[in-house]
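Asks: Give me a 3D structure for the following:
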Amino acid sequence: MMTLEEMGARAKAAARELASAGRQRGKVLSAMAGAVEQAGEKILAANRLDLEQAKRDGMSAPLLDRLALSEERVRGMADGIRSVAAQPDPVGQVVSGFTRPNGLRIEKVRVPIGVIGMIYEARPNVTADAAALCLKAGNAVILRGGKEALRSNRAVAEAMRGAVASCGLNPDCIQLVEDTSHRSATEMMRMTGLIDVLIPRGGRNLIRAVVENSRVPVIQTGAGNCHVYVDDSADIRMAADIIYNAKTSRPSVCNAIETILVHKDIAERALPAIKARLDEKKVELRGCERTRAILGGCVVPATEDDWSREYLDYILAVRVVDSMDEALRHIARYSTGHSEAIVTGSYENARRFTEEVDAAAVYVNASTRFTDGGEFGLGAEIGISTQKLHARGPMGAFELTSYKFIVTGDGQIR
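Replies: Down below sits the predicted model:
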């Protein structure tokens, strides 16, 4: 087995080749999509073994859903790669250009970052999405998934590497770290000079560990403590539908909501309707005293810890607030800056919410579940950045580039 240092050196060499591959990258991506589909049975067989082991290890149902693949999800992985292939090529795009008084022509041009390191948890689709997006942007990628998905990740990576090689490019532009110990993650965090940027994708503890310990520059992707605020002017049916979708359509993902805030003037009418929808999926509610006074003892008393929890499960915190000001203060204190939503019939309140809430994606009368690269038209995403530098929100191929200045003259000296 190669050492991580050897993998990094090979990735550097592959990245130099990719940077000048131009249109060939589109051909490679199409081949990768086909290879993933053709390897579908092998990928699913590997995934079944991962799932069996995860069940023996006591993994929760929502996390098992994250890990699980199906024929439909494998097709979705291939379609995601094709969507990335269909996106405009960011490499070489002239961001701006101008001529100085001395005649120098200066152009700001998008270029690949180089080698991207990915540390992520039990979602095999990330293997395909990350590889496709990195390749589209001319980057090599070193993938280090969680032990729960090792067999699945290996099968997906092998299919994609074979496709790259069949097109005449260096397959080391996609490499999978098979050592899933903490040691390998720590070593990746120290690979300055070999990895240009590290992107963690997973739960809050993983992200915090990488951000706090990495010597390699990090793009922080998001734990999602996401909220829906139900304003006093909200359409109650709309609010119930949005909350139901944002919590239950896939509770184990980072754009699912974890807390709802309901204005006191609408709470007695809205909360029973919202609960009726959530009861369809047996969602456990953890509420403040005013919530419990309206809905009764079926609501678990909320603790301070509940307001900051990313449950990733069929659990939802509920708080009745006196005003929009109180809702905004709550979000400012507990939000992770991922996705926040307001349900309102007031243009003024919608405007104020979008201006004052500091998050990567802010919604008016829509579910937070749309915070997704595919839904935003990016083809796929390598993660949802919750920081403000260098990218924010769903990161597609354009967010995986840097830029350089190309300066053309005719003999100018300073």
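Asks: use CA for all of it now, contacts and neighbours both
Replies: Will do.
Asks: What lies in contact with stretch 195-212?
Replies: The contact list for stretch 195-212, computed with Cα atoms under 8 Å, 6 or more residues apart in numbering, reads 8, 113-121, 188-189, 216-223, 383.
Asks: now that stretch: mean pLDDT?
Replies: What stretch 195-212 shows for mean pLDDT is 90.
Asks: Kindly report the same for stretch 359-370.
Replies: 97.
Asks: now that stretch, how far from the centre of its chain.
Replies: Remark: stretch 359-370 is offset 14 Å from the chain centroid, using Cα atoms, centre = their mean, to the nearest Å.
Asks: swap in stretch 392-410?
Replies: Distance of stretch 392-410 from the chain centroid (Cα atoms, centre = their mean) equals 21 Å.
Asks: With stretch 337-344 instead?
Replies: Stretch 337-344 sits 17 Å away from the centroid of its parent chain (Cα atoms, centre = their mean).
Asks: Residues contacting it, please?
Replies: Contacts for stretch 337-344 (Cα under 8 Å, 6+ apart): 222-235, 238-239, 255, 350, 353, 357-368, 371, 384-387, 393.
Asks: Mind doing that once more with 6 Å?
Replies: 224, 226-231, 233-234, 359-365, 368, 386 (Cα atoms under 6 Å, 6 or more residues apart in numbering).
Asks: do stretch 223-230 as well
Replies: Under Cα under 6 Å, 6+ apart, the answer for stretch 223-230 is 203-204, 254-255, 257-262, 310, 335-336, 338-343.
Asks: Buried ones in that stretch, by neighbour count?
Replies: Neighbour counts over stretch 223-230 (16 or more other Cα atoms under 10 Å) mark Ala223, Gly224, Asn225, Cys226, His227, Val228, Tyr229, Val230 as buried.
Asks: coming back round to it: from the contacts of stretch 223-230, which ones fall inside helices?
Replies: Among these, DSSP state H puts Arg204 in helices.
Asks: mind listing the helices in the stretch 1-150 of the chain by residue range?
Replies: For the stretch 1-150 of the chain, helices defined by DSSP state H, counting those that start in this stretch occupy the ranges 4-19, 24-38, 40-56, 61-67, 71-86, 124-136, 150-166.
Asks: now the closest residue to Thr192 other than its chain neighbours: how far from Gly193?
Replies: Ranked by Cα to Cα, 6 or more residues apart in numbering and with sequence neighbours excluded, the top spatial neighbour of Thr192 is Val216, at 5.4 Å. Val216 is 8 Å from Gly193, where distance means Cα to Cα, to the nearest Å.
Asks: When these two are compared, which one has more neighbours?
Replies: Between Val216 and Gly193, counted using other Cα atoms under 10 Å, Val216 has the larger neighbour count: 21 against 12.
Asks: isn't there a helix covering the more buried one?
Replies: No - secondary structure of Val216 (DSSP: H, G, I helix; E, B strand; the rest coil): coil, not part of a helix.
Asks: That one: what's it in contact with?
Replies: Val216 makes contacts with Met189, Thr192, Val197, as judged by Cα under 6 Å, 6+ apart.
Asks: redo that, cut-off 8 Å
Replies: Applying Cα under 8 Å, 6+ apart to Val216 gives the contacts Met189, Arg190, Met191, Thr192, Ile195, Asp196, Val197, Leu198.
Asks: And for Cys288?
Replies: Counting by Cα under 8 Å, 6+ apart, Cys288 touches Pro301, Ala302, Val318, Arg319, Val320.
Asks: For the residues you listed, which entry has the maximal number of neighbours?
Replies: Neighbour max across the contacts of Cys288 (other Cα under 10 Å) = Val318, 28 neighbours.
Asks: any idea how far Ala45 is from it?
Replies: For Val318, the distance to Ala45 - Cα to Cα - is 41 Å.
Asks: likewise Glu5?
Replies: Distance of Glu5 to Ala45, given as Cα to Cα: 31 Å.
Asks: Would you mind giving both backbone torsions of Leu285?
Replies: When read as degrees, to the nearest 10, the backbone of Leu285 gives phi -100, psi 140.
Asks: Name all residues that make contact with it.
Replies: Counted by Cα under 8 Å, 6+ apart, Leu285 has contacts Cys298, Val299, Val300, Ile315, Leu316, Ala317, Val318.
Asks: what does stretch 63-75 contact?
Replies: By Cα under 8 Å, 6+ apart, stretch 63-75 touches 36-37, 40, 44, 47-48, 51, 54-55, 122-124, 148-149, 252-253, 312.
Asks: Buried residues in that stretch, which are they?
Replies: Buried positions in stretch 63-75, judged by neighbour count with 16+ other Cα under 10 Å: Leu63, Leu64, Asp65, Arg66, Leu67, Ala68, Leu69, Val74, Arg75.
Asks: looking at this, Gln175 is in a strand?
Replies: Yes - assessed by three-state DSSP, Gln175 belongs to a strand.
Asks: residues in contact with it?
Replies: The neighbours of Gln175, taking Cα under 8 Å, 6+ apart as the test, are Met7, Ala11, Val141, Ile142, Leu143, Ala157.
Asks: so which of the buried residues of stretch 223-230 would you say is closest to Glu326?
Replies: Of all these, Glu326 sits closest to Tyr229, with 10.5 Å by Cα to Cα.
Asks: tally of neighbours for Leu176?
Replies: With other Cα under 10 Å as criterion, Leu176 counts 21.
Asks: now it, nearest residue through space, not along the chain?
Replies: Leaving aside its chain neighbours, Leu176 sits nearest to Leu143 (4.7 Å; criterion: Cα to Cα, 6+ apart).
Asks: tell me the domain ranges of this structure?
Replies: The record assigns the chain these domain ranges, following automatic domain parsing: 4-221+395-408, 226-370.
Asks: what does the particular helix or strand that has Asp241 in it contact?
Replies: Secondary structure from DSSP states H and E places Asp241 in helix 236-248. Residues outside helix 236-248 that contact it (Cα under 8 Å, 6+ apart): 228, 230, 255-258, 260, 269-270, 273-274, 277-278, 281, 314, 316, 343, 365-369.
Asks: Kindly recompute the last result at 6 Å.
Replies: Here helix 236-248 has contacts from Ala256, Ile257, Ala270, Ile274, Leu278, Ser367, Thr368, Arg369, using Cα under 6 Å, 6+ apart.
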